[in-house]
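S.K.: Pasting a predicted model and its sequence here:
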There are 2 protein chains.
Amino acid sequence: MSTPSGGSGEFLFIEWLRKQVKPSSMVSTGIGDDAAVVSTGRGDLLLTIDTVVEGVDFESGKATPKEVGRKAVAASLSDIAAMGGVADYVLVSAATGEKFGRAAMEGLYRGMAEVCREVSVDLVGGDLASGSKSLVVTVASVGHVPEGKRAILRKGARVGDAIMVTGELGGSLLGKHLAFRPRLREAAILTDICTPTSMIDVSDGLLLDLSHILEESGVGALLHEEAIPVSPAAEELARRTGSSPMDHALSDGEDYELLFTVAGEDVSKLTQGEPLGVGVSRIGEVTAEGLRMRRRSGETVSLEPRGYEHRIE
Amino acid sequence: MSTPSGGSGEFLFIEWLRKQVKPSSMVSTGIGDDAAVVSTGRGDLLLTIDTVVEGVDFESGKATPKEVGRKAVAASLSDIAAMGGVADYVLVSAATGEKFGRAAMEGLYRGMAEVCREVSVDLVGGDLASGSKSLVVTVASVGHVPEGKRAILRKGARVGDAIMVTGELGGSLLGKHLAFRPRLREAAILTDICTPTSMIDVSDGLLLDLSHILEESGVGALLHEEAIPVSPAAEELARRTGSSPMDHALSDGEDYELLFTVAGEDVSKLTQGEPLGVGVSRIGEVTAEGLRMRRRSGETVSLEPRGYEHRIE
């Protein structure tokens, strides 16, 4: 479950759902993290499900069926990466819209299969339902926590930990959101090097996803503006929108980078020599409360968690 | 994957999909059975995903959200039962239609949670997406094959095996399709008593689901008309439709009974004293080819597999 939150409709619904469901002792982490952590009696499994809807998560005119399929699977696998997990299996399902023909359906599955091949995951199940007025694509991913490691939850960040993020942020809508590769390899290397105290993927925007970590961990954060890795795409998008590149880096969703916290002594192991094969930035530190940013000017300002959010009326 | 088929659009699509996906050595049964059978290095897992769509699989005016939620989860768990598996975890996702409000959403999840409680399965993940023009509900179920048992596939029926079915068939639309309990307990007892050579659940209709077994096993079947367990609902529905009760029993979908084949010597262990807690009928035998029925009159006729099928145009 990637999803939601931030104080609106969906957040409240997930809270309600958490209360409805009384997990058994086999469930160590249920609803509310990137993936559920469950025991099989033979080790811990990671399970996650996500749905994307035409007109909300993608627009048929702006993304090919293949791109939609690729993105849906990659976003689900990103949730396994965000738990520090190894992805094993993917199940996919599509409810097709009125004008969705055979060629489009094949394109959709080709995109799904493509990303599965790239990250060596087996696509083992598929269902197909017609008659939906919108194209709705659901992906469930199954992974595991390697022996000797543990699942990295949103909960666990401690005051004084460094806040880290992979890659660059912002402007994903210009292309990355359809072409990204889930950071499974990077998560494996990261958890070889150290044990992050918390982790999430940046699906809804840096501030909103960070706020999930802070809320679950009962802590705050101070970000350093000069350390936020603003992508070239954020600069380009800012020229069109009139917002600043930094605003895009802080609030745009769908970068699918790993956002995590580590003990201070682990920082240099991750930043020297690019061991993850991608840049890792130390963007701030965990504090007792609040969500603030120290600007380049030296001034410290409070931030509102904001970003993309699904709403129910 | 429950799914469909019988020579039309979806059947061909699943065939196409099977060819696209090259499973690794970890996948012993991939796309095309009730559930996938995969190795985790720690024993075999069962994985299945299914989607139901408003206006196709249910009508909002005829089923409450709670009934829709219940049915979606129960149908998915029925696929785990049909593999002779134990169900462990359920992941659910809903893309909501335009007029679907908070109360309806809560009803939907209450129905899902209800059936999970009844069969002691954990609902561990949920996603929620808005903006769909139709209500689309997807359920993924995770189960396992108990130690000392094996997954019961559609493939495996041998000439001379008895064809068996639990419960009664036909007229499910009059109520059972919204209220059935997946036959997980019955599948566990069945696989304690003997090892069926093949199994499927009756989701698309007896003849159509039997034809999947025959096709996968490369065999035929002779049914005995007098042995088909025609339900009272089939009789009632026949009075309204003008079809015969037997036609409803042979072709109606959504009974979610277990249809399986066993060696002749196992039949009496299943039919004497109702060990499964539900009636089990021997409805015919596996033959070399064809799909035929011996009528009460003694005449033998050929049957066309028919039943409910999703189509892509």
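M.R.: Thanks, I have the structure now. Residues are numbered from 1 along each chain as shown, chains lettered A, B, ... in the order given.
S.K.: And the strands in the stretch 151-300 of chain A?
M.R.: Remark: strands assigned in the stretch 151-300 of chain A by DSSP state E, counting those that start in this stretch are A:162-166, A:198-201, A:220-224, A:258-262, A:280-287, A:291-294, A:300-302.
S.K.: thinking in terms of the whole chain, how far from its middle is the third one?
M.R.: For strand A:220-224, the gap between its own C-alpha mean and the chain's C-alpha mean amounts to 20 Å (Cα atoms, centre = their mean, to the nearest Å).
S.K.: which residues touch that strand?
M.R.: A:163, A:210, A:214, A:283-294, A:300, A:303 (Cβ atoms under 8 Å, 6 or more residues apart in numbering or on different chains). C-betas here are computed from N, CA, C, even on glycine.
S.K.: Could you do the longest one as well?
M.R.: Residues lying outside strand A:280-287 but in contact with it, judged by Cβ under 8 Å, 6+ apart, are A:157-166, A:214, A:217, A:219-224, A:227-229, A:261, A:267, A:270-271, A:274, A:293.
S.K.: Which of those residues are buried, as a PyMOL select command?
M.R.: With 16 or more other Cβ atoms under 10 Å in any protein chain shown as the criterion, this PyMOL line picks the buried residues out of those:
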select buried, chain A and resi 157+161+162+163+164+165+166+214+217+219+220+221+222+223+224+228+229+261+267+270+271+293
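S.K.: and A:Val115, that one's in a helix?
M.R.: Yes: using DSSP: H, G, I helix; E, B strand; the rest coil, the assignment for A:Val115 is a helix.
S.K.: Could you tell me whether A:Val38 really is in a strand?
M.R.: Yes: applying three-state DSSP, one finds A:Val38 inside a strand.
S.K.: Settle this for me: it is touching A:Met26, isn't it.
M.R.: Yes: at 5.8 Å, A:Val38 counts as touching A:Met26 under the criterion of Cβ atoms under 8 Å.
S.K.: I'd like the strands of the stretch 151-300 of chain A as JSON lines, with distance to B:Leu45 and mean pLDDT appended.
M.R.: Listed next are the strands of the stretch 151-300 of chain A as JSON lines, based on distance: least, Cβ to Cβ, whole Å; pLDDT from 0 to 100:
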{"stretch": "strand A:162-166", "distance to B:Leu45": "30", "mean pLDDT": "98"}
{"stretch": "strand A:198-201", "distance to B:Leu45": "24", "mean pLDDT": "98"}
{"stretch": "strand A:220-224", "distance to B:Leu45": "38", "mean pLDDT": "98"}
{"stretch": "strand A:258-262", "distance to B:Leu45": "26", "mean pLDDT": "98"}
{"stretch": "strand A:280-287", "distance to B:Leu45": "33", "mean pLDDT": "98"}
{"stretch": "strand A:291-294", "distance to B:Leu45": "40", "mean pLDDT": "96"}
{"stretch": "strand A:300-302", "distance to B:Leu45": "47", "mean pLDDT": "95"}
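S.K.: Now distance to A:Ala74 too, for those strands, in a markdown table please.
M.R.: Putting the strands of the stretch 151-300 of chain A into a markdown table (distance: least, Cβ to Cβ, whole Å) gives the following:
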| stretch | distance to A:Ala74 |
| --- | --- |
| strand A:162-166 | 15 |
| strand A:198-201 | 11 |
| strand A:220-224 | 27 |
| strand A:258-262 | 14 |
| strand A:280-287 | 20 |
| strand A:291-294 | 28 |
| strand A:300-302 | 34 |
